[in-house]
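J.: Quick one: sequence and predicted model below, then my questions.
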Amino acid sequence: MSVEDKVTAPAKRKSSGWGGQIVQLAGIVAAVFIAKGALAEPFYVPSGSMEPTLLIGDALLASKFPYGYGTSSLPIQINLPESGRVFAETPKEGDVVVFRWPGDRSQAWVKRVVGLPGDRIQMRQGQLFVNDRPAELKPDGIGQAEDDNGGREPAYRYIETLPNGVSHLIFKMRDNGPLDNTPEVTVPPGHLFVLGDNRDNSADSRVPLRSGGVGMLPIDNLIGRADAVVGSWDLGMRSQPVYTWLSGFRLARFFTAVH
C-alpha cells in the first residue's frame, strides 16, 4: 500500500462516517416530521376560554387522524389554498377541536363542537339549544376561573349534557352575560359551531369573525381533536420566587384525557 493510500484511507472512512450520521439525522428528522404531521401534535393553552376542561398552562395533544388531513393539519405554518381533506370525517358534537383561526391561520385555537352542518343553534338565557332541543344543565358547585394574568374569580360550575348525550363541565361567571341570548343561526355546509366551556370568557362562534370571534368555523380549518393533557404548569407561579416554580406543576393533570 502506498503512502498516499495510507493517508487517504482514513479520510474515506471519516467521510463515510459523517455521511452515515447525516443520513441517520435526516431520517430522524423525517420521522418526527411525519409523526407530527400524520399522528398528533402538541399545543399549549394560553387562555381560560376552555375552563374548567382545559386550564391556562395545559399542554395538550391533538390527534390528527380522526378528521382526516388538509393543509391546516400540516406541521408547519404555510399558506396554501384549501383543496379539501383526505380521509375526511365530520367531528361529533362534544368533541374538543384544535383549529386554525380563520382570522389568522398562524394561530391555533381550541373550542368544543356543539353544532354540525345543518344544525340550528341558539343561546337562550345562557342555555344552549340545538335544533330547539335544550342542552341539560346540572349545577355542580362553585369553581375558580383564572384570567390570563393569573387572577381568579368564582364561577358557577355546571354539567352540560348535549342533545346527543355527551356531558362535560362548563363555567358561568354571571347571569345575563352579553352572549347569553343570541339569534338562531343555521350552520352552513362545511362548517361547525363551536363554543368555549368558559361561557362568559370565550370568543367563539357566538362572536363574528370581524369582531375577533370565530364565527362559523370551516371544517377545512381543523388541525385535530384534543385527546389528552400531557402536562400542566400554573402560570400564576411566574410572580413567585424561582425556587418555588417546581410546585407549579399540576401533576394530577399529567397524561389525562380531555372530556
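T.: Thanks, I have it.
J.: Start and end of stretch 238-247, how far apart?
T.: Counting by Cα to Cα, to the nearest Å, you get 11 Å between the two ends of stretch 238-247.
J.: swap in stretch 52-65?
T.: End-to-end distance for stretch 52-65: 26 Å, by Cα to Cα.
J.: Stretch 248-257 now?
T.: In stretch 248-257, first residue to last residue: 20 Å (Cα to Cα).
J.: pretty sure Arg133 contacts Pro163?
T.: Yes - using Cβ atoms under 8 Å, Arg133 makes contact with Pro163 at a distance of 4.4 Å. Any C-beta I mention is one placed from the backbone N, CA and C, and that applies to glycine too.
J.: nearest residue to Leu209 other than its sequence neighbours?
T.: Counting by Cβ to Cβ, 6 or more residues apart in numbering, Leu209 lies nearest to Gly215, which is 4.0 Å off, once chain neighbours are set aside.
J.: tell me the secondary structure for the one you found?
T.: Counting by DSSP: H, G, I helix; E, B strand; the rest coil, the backbone at Gly215 sits in coil.
J.: what helix or strand does Glu160 sit in?
T.: strand 152-161 (DSSP states H and E).
J.: And that strand, what's buried?
T.: Residues of strand 152-161 classed as buried: Ala155, Tyr156, Arg157, Tyr158, Glu160, Thr161 (neighbour count, 16 or more other Cβ atoms under 10 Å).
J.: Can I get that strand as PDB, trimmed to CA atoms?
T.: This file holds the C-alpha atoms of strand 152-161, laid out as PDB (Å, rounded to 0.1, in the frame of the first residue of the first chain):
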ATOM      1  CA  ARG A 152     -59.100  34.100  39.900                       C
ATOM      2  CA  GLU A 153     -62.800  34.700  40.400                       C
ATOM      3  CA  PRO A 154     -65.600  32.500  41.500                       C
ATOM      4  CA  ALA A 155     -67.600  30.800  38.700                       C
ATOM      5  CA  TYR A 156     -70.700  28.600  38.800                       C
ATOM      6  CA  ARG A 157     -69.900  25.100  37.500                       C
ATOM      7  CA  TYR A 158     -72.400  23.100  35.600                       C
ATOM      8  CA  ILE A 159     -72.500  19.700  34.000                       C
ATOM      9  CA  GLU A 160     -73.800  20.300  30.500                       C
ATOM     10  CA  THR A 161     -75.300  17.400  28.500                       C
END
